[in-house]
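Trainee: pasting the structure only:
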């Protein structure tokens, strides 16, 4: 029988996999970019530095997002769900998405497909922001319930 | 909040301790403390009824409205 605990463990595992992927992407970024440029049909020679800048800069909000996501899951695991601290974590996650979207938007200037990354990140940021608003309201309601005698 | 809880006054009049009252009305001491210190956001009718029954008083003896300046 699938339990909540197993579900959280699976989510944590995926986050750890993403963190590993992020670390590997940063470590092997020059090689990955070289391979991409070699196989790309578009004439992107000479733009290696731009790709590397995008990857290295983007790894910062991505890492921050994953860290906060992991921290959020640990709190949920400890049955700390509707607390103000989680609203703050969701706010950070949302802004990390928007930061990634901003970077994607700028990077679209030299390689247009980054625009799709930007739109996806902005959309994700928006969804997380709405979830943050819902959790903030739930925290307020929880507070009311806790102080109802 | 302009609603004042005068529970401690009534408890003193009836000479009943927090532990005893909490036990009689069936709520935790922590919740009774929330009510006594005025931190409560709401009070259930069932709790109010139990308090009134235990202290032999009216809701108005426990709750008071004071206009804020």
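Mentor: Looks like it arrived, so ask away. No experiment lies behind these values; they were computed from the predicted model shown.
Trainee: for the residue nearest to the spatial centre of chain A, which residues are in contact?
Mentor: Centroid-nearest residue in chain A: residue A:65, 4.3 Å away (criterion: C-alpha atoms, centre = their mean). Counting by C-beta atoms under 8 Å, 6 or more residues apart in numbering or on different chains, residue A:65 makes contact with A:92, A:93, A:96, A:97, A:100. For the C-beta atoms, the positions are set from N, CA and C on the backbone; glycine is no exception.
Trainee: from the residues you listed, list the buried ones, please.
Mentor: A:92, A:93, A:96, A:97, A:100 (16 or more other C-beta atoms under 10 Å in any protein chain shown).
Trainee: including pLDDT, distance to residue A:129 and secondary structure, could those residues go into TSV?
Mentor: Below are these laid out as TSV (pLDDT from 0 to 100; distance: C-beta to C-beta, whole Å; DSSP: H, G, I helix; E, B strand; the rest coil):
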residue	pLDDT	distance to residue A:129	secondary structure
A:92	97	11	helix
A:93	98	9	helix
A:96	98	11	helix
A:97	98	8	helix
A:100	97	14	helix
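Trainee: so which bits of the host helix or strand of residue A:137 are buried?
Mentor: Taking DSSP states H and E as the criterion, residue A:137 maps to helix A:114-146. By neighbour count on 16+ other C-beta under 10 Å, the buried set for helix A:114-146 is A:114, A:117-118, A:121-122, A:124-125, A:128-129, A:132, A:135-136, A:139.
Trainee: interface residues of chain A facing chain B?
Mentor: A:143, A:144, A:147, A:148, A:149 (C-beta under 8 Å from any C-beta of the partner chain).
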